[in-house]
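S.K.: no letters, just coordinates:
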């Protein structure tokens, strides 16, 4: 039983367990996203909204598992900042992928304006979350769940409807079309190239594999939350900083792999679409972290650190929005100027957050 007390283990052992759990999240998260995509392809006769929610929810299970686990053990700062930390991390990963691509900025190749809409909605939902932290939250109908986090769920559902409605319309396009393929938003080629999963697997087999991968992520997410909680005390870094950096990075690893695959296949719009979509879902997950936290509405536990983490997420998202609008084909250190600014903002933000921990 003593081994279940992570605070009784040495910091080195907790670090090893954290790394092992992160590896499980990395592998199982990638497989989970592939299985979910195959299922959504099988359900083409269903409403697009259902498929979108299925894929988004399953692919974001690592964030769900770690944040809810942190809430259940009573560590609200860890739960909040594991989710908020992933916002800026996801944008920084886009910058890294941009440098790997090298020959021209990713933002130059984005044509469909729905990407701009997604980015604007990310800024809006982050602003609402920050407002809830500043104004304070109150339970809804004595449920213990805050009104602001409940509003985040409603906003997310409305945003999903708005995105799907706009995608079906005939939007404007840039005068100078991108050199990327017109079907850049279709991820099917990635599944054929990356996945060794048989495409002809039965629906029952896919569901079973999703259950197995989900169980692995739930268990690994619990370990991530518990070891992060222990490491925050043992290293003196604090729950906020550990959740922001270690938690945010570890739960965002599957998205990095998918983004790299998209860029290798020159599906540049998909890289931004997945990043913005993931960040929308991550902010909405504050509702589930709130539901698992028993003391009070979880946003009331947020302080200056969490608010600054949100502002950092807004800043890096806005920089990419500006890059997508300006479409300047300048490369610095093998990346676009917008990506370079995002990396500098992220690193500078980490320094400031380190001093606020």
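M.R.: Received, thanks. Keep in mind it's a predicted model, so treat the numbers as computed, not measured. Numbers count the residues shown, from 1 in each chain.
S.K.: give me the distance between stretch 74-81 and the centre of its chain.
M.R.: 16 Å (CA atoms, centre = their mean, to the nearest Å).
S.K.: next, the buried residues of that stretch.
M.R.: By 16 or more other CB atoms under 10 Å, the buried positions in stretch 74-81 come out as 75-81. C-betas here are computed from N, CA, C, even on glycine.
S.K.: go on, stretch 216-229?
M.R.: For stretch 216-229, the buried set under the neighbour-count rule, 16+ other CB under 10 Å, comprises 216-218, 220-229.
S.K.: contacts only, for the nearest residue to residue 234 once chain neighbours are set aside.
M.R.: Using CB to CB, 6 or more residues apart in numbering and skipping the chain neighbours, the partner closest in space to residue 234 is residue 11 (4.2 Å). Residues near residue 11 by CB atoms under 8 Å, 6 or more residues apart in numbering: 230-231, 234-235.
S.K.: hmm, try it at 7 Å
M.R.: Counting by CB atoms under 7 Å, 6 or more residues apart in numbering, residue 11 makes contact with 231, 234-235.
S.K.: next one: residue 156
M.R.: 125, 280, 284.
S.K.: pretty sure residue 125 contacts residue 281?
M.R.: No - with contact defined as CB atoms under 7 Å, residue 125 does not count as touching residue 281 (9.9 Å).
S.K.: coming back round to it: which of the buried residues of stretch 216-229 fall within helices?
M.R.: 216-218, 220-229 (DSSP state H).
S.K.: so which of those is the closest to residue 347?
M.R.: Distance to residue 347, by CB to CB, is smallest for residue 228 among those, at 21.4 Å.
S.K.: quick check: closest non-adjacent residue to that closest one.
M.R.: residue 242 (5.1 Å).
S.K.: how near is residue 338 to residue 110?
M.R.: Distance of residue 338 to residue 110, computed by CB to CB, to the nearest Å: 11 Å.
S.K.: likewise residue 147?
M.R.: 36 Å.
S.K.: tell me the secondary structure for residue 144?
M.R.: coil (DSSP: H, G, I helix; E, B strand; the rest coil).
S.K.: residues near it, how many?
M.R.: Residues within reach of residue 144, counting by other CB atoms under 10 Å, total 16.
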